[in-house]
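Asker: build me a structure from this.
(chains A, B and C)
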Amino acid sequence: MPRDFTDWERSCAWLRGLTEHERERVMDDLQVQDVAPGDMVCRRGARARHWVGVLDGLVKIASVSISGKSLTYTGVAPGGWFGEGTLLKHEHWRYDVIVLRKGRIGLLPAETFFWLLDRSLEFNRIIVNQLNERLGQFIGQLQIDRLSSADERVAHTVAAMFHPVLYPGVDRRLRISQEELGYLCGLSRQRVNRALRHLGGLGLLQLRYGGIEVPDLDALRQYESSAEITEQKVAG
DNA sequence: TCATTAAATTGTT
DNA sequence: AACAATTTAATGA
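Answerer: Modelled structure (predicted):
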């Protein structure tokens, strides 16, 4: 495994806040796995042994409801890390994590995770910050699920993937196909295509081959909330 | 480096 | 779900 810090800067932005010594241990302990679409990174019910990061590719966090329907909570883009909440509570995974796009997964052993937590104030800040952002993301997800059109769902899903704190590896362009986006928001590829073109026409995003660019994240987020308020007025 | 081919993605029906 | 058009990636001279 390469010791070169710059190699990991994109996919492990949180390394930046650590000391040289801490970084060395992380890179020694970190396990890297090549994954292909359909692979399960985490299974619901299994014990959480690692803090998990998407180094490259794309995964979705989902669970299967009692009725058998698959509910996707969110997609995780390169640079995104998850599982800290589950690790902290010494719980089992409450969701499945499925690979959508071929890539690489980083597994940081729980032991190393807690070692960092015990000694690094900066790591604690990073984790608290991430938990906080994640909470906000899930609350937003609840509102979207309840009342929203397909266009809003797509806008929300795209905006969520551009989250600078949760997915620092995503800069200006997000690598995701329209089919993959469909899996994430529970819509057909055709409907996603329609929604994306609509949003593109409004100037909220730009379509690229195999990806999306968002020039103004706030504007895209505003689209969700403004559409929501409109519906509430109609309902009231 | 360039041309050809295969694969992936998009836009439409 | 199927189709053609387009873009990218891979291959080899």
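Asker: and the next helix or strand past the helix with the most length in chain A?
Answerer: Scanning chain A for the helix with the most residues, using DSSP state H, yields helix A:121-146. Once the chain leaves helix A:121-146, the next helix or strand it forms, by DSSP states H and E, is helix A:150-161.
Asker: burial count for A:Arg221?
Answerer: In terms of burial, A:Arg221 registers 18 neighbours under the definition other C-beta atoms under 10 Å. Where C-beta positions appear, they are placed from N, C-alpha and C, glycine not excepted.
Asker: in this structure A:Val26 contacts A:Thr112, no?
Answerer: Yes - here A:Val26 reaches A:Thr112: they are 6.4 Å apart, a contact under C-beta atoms under 8 Å.
Asker: tell me which of those two has more neighbours.
Answerer: Set A:Val26 next to A:Thr112 and count neighbours by other C-beta under 10 Å: A:Val26 wins out with 22 against 18.
Asker: so that one sits in a helix?
Answerer: Yes - following the definition DSSP: H, G, I helix; E, B strand; the rest coil, A:Val26 is counted among the residues of a helix.
Asker: neighbours of A:Phe138, how many?
Answerer: Going by other C-beta under 10 Å, the residues that sit close to A:Phe138 add up to 11.
Asker: which one is it nearest to, not counting chain neighbours?
Answerer: Leaving aside its chain neighbours, A:Phe138 sits nearest to A:Tyr73 (6.9 Å; criterion: C-beta to C-beta, 6 or more residues apart in numbering).
Asker: okay, now the domains of chain A?
Answerer: A:1-120, A:147-236 (automatic domain parsing).
Asker: including distance to A:Val128 and mean pLDDT, could those go into CSV?
Answerer: Output for the domains of chain A, formatted as CSV (distance: least, C-beta to C-beta, whole Å; pLDDT from 0 to 100):
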stretch, distance to A:Val128, mean pLDDT
domain A:1-120, 9, 91
domain A:147-236, 11, 90
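Asker: picking up where we left off before, helix or strand for the residue nearest to A:Phe138, which one?
Answerer: A:Tyr73 is located in strand A:70-76, with elements delineated by DSSP H and E.
Asker: re the thing from before, what helices or strands is the longest helix of chain A leaning on?
Answerer: With contacts defined as 3 or more C-beta pairs under 8 Å, 6 or more residues apart in numbering; DSSP states H and E, helix A:121-146 has these neighbours: strand A:70-76, helix A:84-88, helix A:110-119, helix A:150-161.
Asker: what sits against the residue nearest to A:Phe138?
Answerer: With contact taken as C-beta atoms under 8 Å, 6 or more residues apart in numbering, A:Tyr73 is in contact with A:Ile61, A:Ala62, A:Ser63, A:Tyr95, A:Phe138, A:Gln141.
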